[in-house]
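In: Show me the folded form of this:
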Amino acid sequence: MKNLQSTATLHNGVEMPWFGLGVFKMQDGQEAVSAVKSALELGYRSIDTASVYRNEEGVGQAIAEFSIPREELFITTKVWNSEQGYETTLAAFDESMKKLGLDYLDLYLVHWPMPEKGKYKETWKALEKLYKDGRIRAIGVSNFQVHHLEDLMSDCEIVPMVNQVEYHPRLTQKELHDFCKKNKIQLEAWSPLMQGQLLDDPTLMEIANKYNKSVAQVILRWDLQNEVVTIPKSVKPERMKENADIFDFELCTEDMKKINSLNEDRRVGPNPDEFNRE
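Out: The predicted model follows:
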């Protein structure tokens, strides 16, 4: 992990940047376009959106206007809960691709397991088809717990390549992380900074001072050293630059342990076993 373009190799051989930009809650139009262009200018190559964010068009516009070779980019989007099911997922994918203005996608994720709906297996079959048709380079899930993954893997053809979950020092999901490692599923963190709630934590502040880095930089570095892909969200170029400035230092084993010990199994987002909003 030497720089912003450093990649993790997924189990199908596709290379995914360890670090990227999340665009959750970014306004479509100028805000999303400017933010994505700023990120690309700073050297970011991975952009993570979703159909429910309603900013795929802005992301697509920024990509088109920035004129960077398509193969250098890694673009992720997700199928939303109300779109789950085989045919509806295929239609949702086409809609997302139209908005993004892309010929193929790098990573497509099932956004939530939606246990009450019970459709994630059908949805996954649609992702497998799109993958086999060469329209997506990698497929995965988001917010899946161990039992969801076990259920899905009991009769799927292709094991998910990625599981994107809430992950930060207060929610380390060790059992899930171990399961993903064992099954060669790359863990990816959303809300890595716990929506700013960790920035005044005394332990993290002490570690940050030691390395002459910000608390955010320490947390993001901790992600990478735990082999977790991370996608912090920001619309401010100076914050994006700061977030990405984490390749010139390394946390020692003792400090990694100290950060790991901050876990409280505390979420800022919904519990995947209970979240069924469409």
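In: so how far is residue 109 from residue 138?
Out: 9 Å (CB to CB, to the nearest Å). Using the backbone N, CA and C atoms, a C-beta is placed for each residue, glycine as well.
In: so what sits against both of these two?
Out: Contact with both residue 138 and residue 109 is made by residues residue 162, according to CB atoms under 8 Å, 6 or more residues apart in numbering.
In: Run through the residues that contact residue 126.
Out: Remark: with contacts taken as CB under 8 Å, 6+ apart, residue 126 is in contact with 85-87, 89-90, 93.
In: residue boundaries of the helices in the stretch 51-200 of the chain?
Out: 56-66, 86-100, 120-132, 146-153, 174-182 (DSSP state H, counting those that start in this stretch).
In: out of those, which comes closest to residue 237?
Out: Residue 237 sits nearest to helix 56-66 of all those, at 13.1 Å, using CB to CB.
In: Just want the angle from the closest one to helix 86-100.
Out: 40 degrees (axes from the mean of the first three to the mean of the last three CA atoms, to 10 degrees).
In: buried ones in helix 56-66?
Out: 56-63 (16 or more other CB atoms under 10 Å).
In: And that helix, what does it pack against?
Out: Counting contacts by 3 or more CB pairs under 8 Å, 6 or more residues apart in numbering; DSSP states H and E, helix 56-66 is packed against helix 30-42, strand 74-79, helix 86-100.
In: Which strands border the helix or strand just after the first one, and is each parallel or antiparallel?
Out: Just to be clear, that refers to helix 30-42. Using DSSP states H and E, the next helix or strand after helix 30-42 towards the C-terminus is strand 46-48. In the sheet, strand 46-48 lines up against strand 21-22 (parallel), strand 74-79 (parallel) (DSSP bridges).
In: and the first one, how far out from the chain's middle?
Out: Its chain's C-alpha centre lies 8 Å from the corresponding centre of strand 21-22 when counted by CA atoms, centre = their mean, to the nearest Å.
In: rewinding a little: can you pick the most crowded of the contacts of residue 126?
Out: Highest neighbour count within the contacts of residue 126: residue 89, with 25 neighbours (other CB atoms under 10 Å).
In: For that residue, list the residues it contacts.
Out: By CB under 8 Å, 6+ apart, residue 89 lies in contact with 79, 83, 122-123, 126-127.
In: Compare those residues and tell me which has the most neighbours.
Out: Compared across the contacts of residue 89, residue 79 has the highest neighbour count, 29 neighbours, by other CB under 10 Å.
In: my read: it touches residue 51, true?
Out: Yes - between residue 79 and residue 51 there is a contact under CB atoms under 8 Å: 6.6 Å.
In: list residues touching both of the two?
Out: By the contact definition CB under 8 Å, 6+ apart, residue 79 and residue 51 are jointly contacted by 92, 96, 111.
In: In a markdown table, list those along with neighbour count, distance to residue 261 and pLDDT.
Out: A markdown table is the format used below for these (neighbours: other CB atoms under 10 Å; distance: CB to CB, whole Å; pLDDT from 0 to 100):
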| residue | neighbour count | distance to residue 261 | pLDDT |
| --- | --- | --- | --- |
| 92 | 22 | 41 | 98 |
| 96 | 22 | 40 | 98 |
| 111 | 22 | 31 | 98 |
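In: how far does stretch 14-33 sit from the chain's center?
Out: Worked out by CA atoms, centre = their mean, stretch 14-33 lies 10 Å from the chain centre.
In: Now that stretch - C-alpha only, CSV.
Out: C-alpha atoms of stretch 14-33 as CSV (Å, rounded to 0.1, in the frame of the first residue of the first chain):
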residue,chain,number,x,y,z
VAL,A,14,-9.6,-8.0,-10.3
GLU,A,15,-7.7,-5.2,-8.7
MET,A,16,-9.6,-2.8,-6.5
PRO,A,17,-8.1,0.3,-4.9
TRP,A,18,-7.6,0.2,-1.2
PHE,A,19,-8.8,3.7,-0.9
GLY,A,20,-11.7,5.6,-2.6
LEU,A,21,-14.3,8.3,-2.4
GLY,A,22,-17.8,7.6,-1.0
VAL,A,23,-20.5,9.9,-2.3
PHE,A,24,-23.4,9.1,0.1
LYS,A,25,-25.6,12.2,0.7
MET,A,26,-23.9,14.2,-2.0
GLN,A,27,-26.3,16.4,-3.9
ASP,A,28,-26.7,15.3,-7.6
GLY,A,29,-25.6,17.9,-10.0
GLN,A,30,-22.8,20.4,-9.3
GLU,A,31,-21.9,19.2,-5.8
ALA,A,32,-21.3,15.6,-6.9
VAL,A,33,-19.6,16.6,-10.2
